[in-house]
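1. heads up, no residue letters with this:
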């Protein structure tokens, strides 16, 4: 699960100090007690990247707020989504980091000691030590505990973490065939990447605003508003991009930056109402935790709750009762001090636990992993972070850390390229089995197809020739492409794929979760019309997750799950139940193709599994519990056919007017015994619980065409 994915000439005292070159910033308000820069103690880190503030007075309440943030995230992961809004702890981190780093930069600019090299040297010494240890530990654990394809994927994520590109890498991986979040040990580095990308730009922005005598708060506010608006637009249109993109999350850090300017340059604005702001901030955070969930569009406007709450709590100052008595409590301060390594360790350990226990780790095991993360975090902070941060030879240490990080990134790339093989690679047929599981959505995209068929999201032509057969549908069309392409190639035909996950090959519909807007945006309608209008395409194959579209749900581990899926006409016709819309629109789609003289084939849905096949095909090197052997027998044939029969009446009603349409039924070849097969000759037929593997695609396609020869086109 995801850790929900990331300042008019200067006025007043800052302006006067800049123009005169001698006046200091009014850094302390006698009434509020906001910190002056005379205290030599270090303000501890404030967020996943845990920046260190040298020269600003230590505020234990900031440590306490950081503790609240990391404990929210920790609870969200350990308790598996409870509280539902626990992932907003990351947004609190963003605000804290923006506040503290901007405070550093403004102080350096005002004092005339601003230096990019010094800034990044401090960042390296603060960020790299714990990150190197945790990613190195992840690579070692992965080598021993992961299957070959999983270790190769981990290697890519290590390289992404070392280059602070994890957020962009994870965004690029989002999709229907993407492995679930719980199996990505370095998933949480997306937030660290957003912060570091922000810090590449932010010092330059502030330095230019200062040099050009522009309003620093005006620049911050303008950029923050632009980022916020960008987040609103992307959250509504491209939510995955909005979650991972620094352009749509940067306003959260800038909100902290704007507060830093107020605290340093206009402290009188915060003289009164500190207790009220603290209480209101706490209430906003609580409202965010209770009202925000994975089903809400996020970040978007909902991110205002944690951001505003954090800003109010920080602005309340260390003398506010709530900050002084609760956030500055020694227990909260302790957790806050180790929050950065705790953030890094907790997800790494929980993810490996989820992987080795096949997603079924007990609450006791998850609590033990959390406790171990706390111990590891304290050891990292006490014996690595603090000594490195406090030593005098900063430049030499920073350079050494950069070299170590580069070497770690290189090791990750070697693992990704299988030049550093996993321990499990020594198992019989490990490479062959791993290849069967290595299918991704990216495999079904190519530039040549997109040039011929612009506007289709998933598009692939088997060979550099005119297609004669088109495969249209959702991820179930994707899964059949590799096998069918080979079979048709042997028959002198060339296959075209036009598909999009979760999009049924039906004309003129809207579809998606009942609470969300159209998922498919008319793409399959364009696909069907494109192939109907192409005279060189003679055969059109339709494939889809038919049960989902008819019944509105799926079957997994013996229970129904996921929000209801709905399909409805997009032409203003009265909405009806899914089955009625399905019958009418599938009939309309087939009629369009038949009127264009196409031969139509409908592939019925493959049986679903109720377990993860990779755990049964290749036993894991490490597991705390014994695999239930009964679970690896496969789904009982009677259960699979009963489930598939639920969509059958709607399918038969749609096909009844078209007796010439050919239907292929994978269940007849996969469920020819007491259980439906998921393995053949020791190789996996399935990639996950709902899709065929590369091997399965080839084997099932060969079976289907062998048993169902295509008739001549009429």
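-> Arrived safely. Keep in mind that what you see is a predicted model, and the values were worked out from it rather than measured.

2. what is whichever strand or helix holds residue 133 packed up against?
-> Taking DSSP states H and E as the definition, residue 133 sits inside helix 116-145. If contacts are counted by 3 or more CB pairs under 8 Å, 6 or more residues apart in numbering; DSSP states H and E, helix 116-145 sits against helix 89-111, helix 148-162, helix 189-211, helix 339-356, helix 363-380, helix 386-390, helix 394-416. Heads up, the C-betas are built off the backbone N, CA and C, glycines and all.

3. 6 Å - rerun?
-> helix 148-162, helix 339-356, helix 386-390, helix 394-416 (3 or more CB pairs under 6 Å, 6 or more residues apart in numbering; DSSP states H and E).

4. next one: that helix to chain centre, how far?
-> 21 Å (CA atoms, centre = their mean, to the nearest Å).

5. weakest of the helices and strands packed on helix 116-145 by average pLDDT?
-> When these are compared by mean pLDDT, helix 386-390 comes last with a mean of 87.

6. of the helices and strands packed on helix 116-145, which is nearest residue 130?
-> helix 339-356 (4.5 Å; CB to CB).

7. how far does that closest one sit from the chain's center?
-> Relative to its parent chain, helix 339-356 has a centroid offset of 16 Å by CA atoms, centre = their mean.

8. now it: buried residues?
-> Judged by neighbour count using 16 or more other CB atoms under 10 Å, the buried positions of helix 339-356 are 339-356.

9. can you check stretch 130-145 too?
-> Neighbour-count burial for stretch 130-145 [16+ other CB under 10 Å]: 130-135, 137-139, 141-143, 145.

10. how many neighbours does residue 121 have?
-> 19 (other CB atoms under 10 Å).

11. next one: it, what pLDDT does it get?
-> With respect to pLDDT, residue 121 has a value of 92.

12. again with the one 4 residues further on
-> Residue-level confidence at residue 125 comes out at 93, pLDDT.

13. repeat that for the one 4 residues further on.
-> Looking at residue 129, its pLDDT reads 96.

14. let me see the contact set for it.
-> 384-385, 388 (CB atoms under 6 Å, 6 or more residues apart in numbering).

15. go with 7 Å
-> 384-385, 388, 401 (CB atoms under 7 Å, 6 or more residues apart in numbering).

16. of those residues, which is the nearest to residue 313?
-> residue 385 (24.7 Å).

17. check the burial of the closest one by counting its neighbours.
-> 25.

18. for residue 144, which non-adjacent residue is spatially closest?
-> Nearest residue to residue 144, sequence neighbours excluded (CB to CB, 6 or more residues apart in numbering): residue 423, at 5.0 Å.

19. so who does the one you found touch?
-> If you count contacts by CB under 7 Å, 6+ apart, then residue 423 has 143-144, 621 around it.

20. just name the closest of these to residue 233, please.
-> The closest of the contacts of residue 423, once distances to residue 233 are taken by CB to CB, is residue 143, at 42.3 Å.

21. returning to that earlier point: between helix 394-416 and the helix holding residue 133, find me the angle.
-> 30 degrees (axes from the mean of the first three to the mean of the last three CA atoms, to 10 degrees).

22. roughly how far does residue 613 sit from residue 145?
-> Distance, residue 613 to residue 145, by CB to CB, to the nearest Å: 19 Å.

23. ok, residue 202 next?
-> Taking CB to CB, one finds residue 202 at 38 Å from residue 145.

24. that older thread, can you list the buried residues of stretch 130-145 in JSON lines and add distance to residue 395?
-> Below are the buried residues of stretch 130-145 laid out as JSON lines (distance: CB to CB, whole Å):
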{"residue": "130", "distance to residue 395": "20"}
{"residue": "131", "distance to residue 395": "19"}
{"residue": "132", "distance to residue 395": "18"}
{"residue": "133", "distance to residue 395": "21"}
{"residue": "134", "distance to residue 395": "24"}
{"residue": "135", "distance to residue 395": "23"}
{"residue": "137", "distance to residue 395": "27"}
{"residue": "138", "distance to residue 395": "28"}
{"residue": "139", "distance to residue 395": "28"}
{"residue": "141", "distance to residue 395": "33"}
{"residue": "142", "distance to residue 395": "33"}
{"residue": "143", "distance to residue 395": "33"}
{"residue": "145", "distance to residue 395": "38"}
